[in-house]
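Enquirer: Task: produce atomic coordinates for the following.
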Amino acid sequence: MGVSRLDVLYRRLLLTKLFIRGWGRPEDLKRLFEFRKIIGNREKCQNLISRDYPVFIDKVGEQTDCKILDGHFISPMAHYVPGIMPTESVVARFQLIVPKEWKSKHRPVCIHLAGTGDHYYWRRRTLMARPMIKEAGMASLLLENPYYGCRKPKDQVRSSLKNVSDLFVMGGALVLESAALLHWLEREGFGPLGLTGISMGGHMASLAVTNWPKPLPLVPCLSWSTASGVFTTGVLSKSINWRELEKQYYTQAVYEDEIVQMLEYCGTDSFKMGREVVMEFPQEAVPRPPGHPPPPGPRGRRPAGPCPPRAGPAGGRSGALQKESLLFMKGVMDECTHVANFSVPVDPSLIIAVQAKEDAYIPRAGVRSLQEIWPGCEIRYLEGGHISAYLFKQGLFRQAIYDAFERFLHKYSP
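Expert: This next block holds a predicted model:
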């Protein structure tokens, strides 16, 4: 299956670079990898958020077809990994959009997590939440992502996360924040409850559902089992500031000497296999920078001096550096975003994933499938690519949500 030309063209029109400041502080990456082991385990993670975690409603507005409640709470991420979040992101904000009259004895609510570039609430409210009230009498809760909208750091340009580690902070925060909101919705008498999202939002929803200790409908749209392909082989990889990432990996021994060891310890097999390929690439026998003695074995290979000029795929030290940086990106992304590193959801039969056949943003080649990791889940394929699906297939996304909630009611409703 080919890739969508529209996806490729659309990406070329966007000039903003991602990760302009690099990988993030090494100590932050280490803390995030350790915390991933906790939130990746449902038995541990489900006890992090109390059932009475405080959530506050700030305003209630009346519309012709619905009520809109604006609320906030402190992100649990700020408690468990102190100092890791920007000050602007610590307060989580959301909108709850409910019908004025429910169509049945149930009060279903679907939590929508934001995709890339989806700041504030207008897009999700207009394209998903209000149509869902009209079509199915279903309420929606729209959670603002860290680093987006009113939670965006002042020095961040639009949606361009400054560091690779920012994406992992966002993911960890959304897992905990979703749990806090699910507890709150239960306390308020809503149900059944579910999660959805499109693109990055779909993947974040997939991570969040793994830690909820009850069956939960999930509809991830235009996402897959890991984000590693998005940033290494998908069209979005062309927008990454690889020069800065290569420079930091090349000049700071901590990434190769310590952080890679954490990835190998955590069992990122794809990264270990990729390193074997890099080892076969010709290297220059040059000394390391002062203060960085070579570690044992074949890993003491960082030469002194500035990062070499970026080259094409021809070979030499620069070609190997590019390959190592790419593999390091794959390793850290798999570590923090691969759903296989998280618990299997309680009931995978309640999961309906919607995919675009020609998606150039979310590569599926060489990646473990969701059916393999979550036996019993359903995959629905759409014609076209990522952008066309987002623009023209929102109705099919909503239908998948209705179907997932119907499955829940059929299996679990008294």
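
Enquirer: By mean pLDDT, point me to the weakest helix or strand of the protein.
Expert: Lowest on mean pLDDT, DSSP states H and E among the helices and strands of the chain sits helix 269-279, with a mean of 44.

Enquirer: Relative to the whole chain's centre, how far out is the helix or strand following it?
Expert: Once the chain leaves helix 269-279, the next helix or strand it forms, by DSSP states H and E, is helix 316-337. Centroid separation for helix 316-337 versus its chain: 19 Å, with Cα atoms, centre = their mean, to the nearest Å.

Enquirer: Tell me which other helices or strands the helix or strand immediately after helix 316-337 in the chain touches.
Expert: Using DSSP H and E, the helix or strand that directly follows helix 316-337 along the chain is strand 352-356. Contacting strand 352-356 under the criterion 3 or more Cβ pairs under 8 Å, 6 or more residues apart in numbering; DSSP states H and E are the following elements: strand 218-221, strand 378-382, helix 386-392, helix 394-412. Where you see a C-beta, it was placed from the backbone N, CA and C, and this is true even at glycine.

Enquirer: Out of those, which is closest to I351?
Expert: Nearest to I351, of all the helices and strands packed on strand 352-356, is strand 218-221, at 4.6 Å by Cβ to Cβ.

Enquirer: rewinding a little: for L6, find the nearest of the helices and strands packed on strand 352-356.
Expert: The nearest among these, by Cβ to Cβ, is helix 386-392 at 5.1 Å.

Enquirer: I'd like the helices and strands packed on strand 352-356 as TSV, with distance to V91, mean pLDDT and mean neighbour count appended.
Expert: Shown next, in TSV, are those (distance: least, Cβ to Cβ, whole Å; pLDDT from 0 to 100; neighbours: other Cβ atoms under 10 Å):
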stretch	distance to V91	mean pLDDT	mean neighbour count
strand 218-221	26	98	30
strand 378-382	36	96	15
helix 386-392	29	91	19
helix 394-412	28	97	17
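
Enquirer: These into TSV, with extra columns for distance to P76?
Expert: Output for the helices and strands packed on strand 352-356, formatted as TSV (distance: least, Cβ to Cβ, whole Å):
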stretch	distance to P76
strand 218-221	21
strand 378-382	31
helix 386-392	30
helix 394-412	26
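
Enquirer: per-residue confidence at the residue positioned nearest the centre of the chain?
Expert: With distances taken as Cα atoms, centre = their mean, M204 lies nearest the centre of the chain, 4.2 Å away. Turning to M204, the model gives it a pLDDT of 97.

Enquirer: Looking at strand pairing, list the partners for R380.
Expert: When bridges are called by DSSP bridges, R380 pairs up with V354.

Enquirer: how close does it sit to A208?
Expert: 21 Å (Cβ to Cβ, to the nearest Å).

Enquirer: Ok, which of the helices and strands packed on strand 352-356 comes nearest G331?
Expert: strand 218-221 (22.9 Å).

Enquirer: How many residues are close by E383?
Expert: 11 (other Cβ atoms under 10 Å).

Enquirer: just checking, it touches Q355?
Expert: No - with contact defined as Cβ atoms under 8 Å, E383 does not reach Q355; the gap is 10.8 Å.

Enquirer: What confidence value was assigned to the residue lying closest to F342 once chain neighbours are set aside?
Expert: Leaving aside its chain neighbours, F342 sits nearest to T210 (4.1 Å; criterion: Cβ to Cβ, 6 or more residues apart in numbering). On the pLDDT scale, T210 is placed at 96.

Enquirer: can you list the weak-confidence ranges in the chain?
Expert: Counting by pLDDT under 70, the chain has low-confidence residues at 1, 14-15, 264-318.

Enquirer: Mind splitting it into its structural domains?
Expert: Domain ranges of the chain: 9-233+345-412, 239-336, per automatic domain parsing.

Enquirer: Highest mean neighbour count across these, which stretch is it?
Expert: domain 9-233+345-412 (a mean of 19; mean count of other Cβ atoms under 10 Å).

Enquirer: Show the contacting residues for the nearest residue to S228 once chain neighbours are set aside.
Expert: For S228, ignoring the flanking residues on the chain, the nearest one in space by Cβ to Cβ, 6+ apart is M333 at 3.8 Å. By Cβ atoms under 8 Å, 6 or more residues apart in numbering, the contact set of M333 is T226, A227, S228, V230, F231, T232.

Enquirer: and if you look at L48?
Expert: I38, I39, P76, Y80, L176, A179.

Enquirer: Kindly report the same for A389.
Expert: For A389, the contact set (Cβ under 8 Å, 6+ apart) comprises C221, L222, V354, A356, D359, L382.

Enquirer: Roughly how far does the fourth one sit from E378?
Expert: Look at A356 and E378: by Cβ to Cβ, they are 16 Å apart.

Enquirer: where does G366 land in three-state SS?
Expert: Under the three-state scheme (DSSP: H, G, I helix; E, B strand; the rest coil), G366 adopts coil.

Enquirer: any idea how far Q355 is from the nearest residue to it once chain neighbours are set aside?
Expert: What sits nearest to G366 in space, not counting adjacent residues and going by Cβ to Cβ, 6+ apart, is G229, at 7.6 Å. G229 is 13 Å from Q355, where distance means Cβ to Cβ.

Enquirer: likewise P82?
Expert: Counting by Cβ to Cβ, the gap from P82 to Q355 is 38 Å.
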